[in-house]
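Undergrad: coordinates only, sequence not included:
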């Protein structure tokens, strides 16, 4: 790729980020976009070219808050090949760190920023053993919670006859409630024209999905060359391997930008910004008609949700998935509240100890 022929605007720079630079303490430093992240090593593009950069000690010192650590797609300030700050983000696609579901973890350890400043998130699912409507609902909730726009891509359509593909598509569309769903085959380059509109010049798309769903193959097809390594899916268990181990921002021939990500095996929530309401508007609408405003939808009389399940209008598995996610977000909220209380108690304990030392003249 000829980075020298590109401008910051080609990489998505606009008035929002320009204002962020003006408000930054590092306003005199060069703005650049993070194009690659590899085990703490960063690659950035500042309008003159792409090069490797390190993070300043001052920034590392303040990286206890996950949102301050540079991620693929971030706009940062750079001075002499050193990243000195992260500009205000339009959004950040985040999830709970692997292994954090149901565990007590600190705020800094719990969040994993997958990509920053994205216009669209492609949720890639293979129409093989990877196909799981309940998991797609979960992905949608994660994306909506982060304030991002989801698009579902059903890959590997070449594995089924058209009638079966339509059946699988209808099931996903009924669960996605308004989120665009596209069917394609990255291996055969079929249906790729349907997603070109999301990859207009300067627009950024992030890919998420399981290992083996075909994300890297999709990137290679869109790029017109082998940019990412691909492997076959195991026939014994239908699982893919992590062929993508880094997060890279790749510029496509048409000017769009795409961020590939390693496969996700555990989709843990990190925040709650109404994502579940966006994924399950049908259940929320039914709940508004329940006899009791605090109805748990388990065994109360006059529950419209239970009535919809009994009549077949609401699939019971969809409702169970809804309850499961609600419980997880409630636990996440409780955990954070307790964590904040603990921090406050420790702060006052430290103040008390210092006061006692001063009184004792030590």
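TA: Looks like it came in fine. These numbers were taken from a predicted model, which means no experiment stands behind them.

Undergrad: rest of the way, CA atoms for contacts and neighbours
TA: Will do.

Undergrad: pLDDT of stretch 90-107, averaged?
TA: In this model, stretch 90-107 carries a mean pLDDT of 64.

Undergrad: hmm, I was thinking of stretch 46-65
TA: For stretch 46-65, the mean per-residue pLDDT is 81.

Undergrad: Equivalent analysis for stretch 313-333, please.
TA: 89.

Undergrad: List of residues touching that stretch?
TA: 102, 134, 138, 269-272, 276, 280, 283, 305, 308-309 (CA atoms under 8 Å, 6 or more residues apart in numbering).

Undergrad: Report the buried residues of it.
TA: 314, 318, 319, 321, 322, 325, 329, 332 (16 or more other CA atoms under 10 Å).

Undergrad: Give me the phi and psi angles of the last one.
TA: The reference is to residue 332. Note on residue 332: its backbone torsions stand at phi -60, psi -40 [degrees, to the nearest 10].

Undergrad: now the helices for the stretch 151-300 of the chain?
TA: 162-176, 215-223, 275-279, 281-287 (DSSP state H, counting those that start in this stretch).

Undergrad: list the contacts for residue 187?
TA: 156, 217, 218, 221 are the contacts of residue 187 under CA under 8 Å, 6+ apart.

Undergrad: Deepest-packed of the helices of the stretch 151-300 of the chain, please.
TA: Among the helices of the stretch 151-300 of the chain, the stretch with the highest mean neighbour count (mean count of other CA atoms under 10 Å) is helix 215-223, at a mean of 22.

Undergrad: For it, enumerate the helices and strands it packs against.
TA: Contacts defined by 3 or more CA pairs under 8 Å, 6 or more residues apart in numbering; DSSP states H and E place helix 215-223 against strand 204-209, strand 257-260.

Undergrad: Average pLDDT for it, rounded please.
TA: Helix 215-223 comes out at a mean pLDDT of 91.

Undergrad: That helix vs strand 204-209, what angle?
TA: 150 degrees (axes from the mean of the first three to the mean of the last three CA atoms, to 10 degrees).

Undergrad: ok so, going back, mean neighbour count and distance to residue 129 added to the helices and strands packed on helix 215-223, as JSON lines?
TA: Below are the helices and strands packed on helix 215-223 laid out as JSON lines (neighbours: other CA atoms under 10 Å; distance: least, CA to CA, whole Å):
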{"stretch": "strand 204-209", "mean neighbour count": "26", "distance to residue 129": "13"}
{"stretch": "strand 257-260", "mean neighbour count": "26", "distance to residue 129": "21"}
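
Undergrad: Relative to residue 42, tell me which of these wins on proximity.
TA: Closest to residue 42 of the helices and strands packed on helix 215-223 is strand 257-260 (CA to CA; 14.3 Å).

Undergrad: Mind listing residues that contact the closest one?
TA: Residues outside strand 257-260 that contact it (CA under 8 Å, 6+ apart): 11, 72-73, 115, 199, 201-208, 215-216, 219, 244, 247-252.

Undergrad: can you check stretch 69-84 too?
TA: Contacting residues not belonging to stretch 69-84 are listed as 17, 21, 26-27, 29-37, 51-56, 58-60, 63, 85-89, 113-118, 247-249, 259 [CA under 8 Å, 6+ apart].

Undergrad: do stretch 283-293 as well
TA: Against stretch 283-293 from outside (CA under 8 Å, 6+ apart): 277, 295, 297, 301, 302, 303, 304, 305, 308, 319.

Undergrad: what are the bridge partners for the most centrally placed residue in the chain, then?
TA: Closest to where the C-alpha atoms of the chain average out (CA atoms, centre = their mean) is residue 93, at 3.3 Å. In this entry, residue 93 is beta-bridged to residue 115, by DSSP bridges.

Undergrad: doesn't residue 120 make contact with it?
TA: No - judged on CA atoms under 8 Å, residue 93 makes no contact with residue 120 at a distance of 10.1 Å.

Undergrad: Find the helix or strand that residue 34 is a member of.
TA: strand 30-38 (DSSP states H and E).

Undergrad: Just the buried residues of that strand, please?
TA: For strand 30-38, the neighbour count (16+ other CA under 10 Å) marks 30, 31, 32, 33, 34, 35, 36, 37 as buried.

Undergrad: need the contacts of stretch 313-333 in TSV with distance to residue 7, can you?
TA: Putting the contacts of stretch 313-333 into TSV (distance: CA to CA, whole Å) gives the following:
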residue	distance to residue 7
102	44
134	41
138	37
269	36
270	34
271	34
272	36
276	38
280	41
283	47
305	53
308	55
309	55
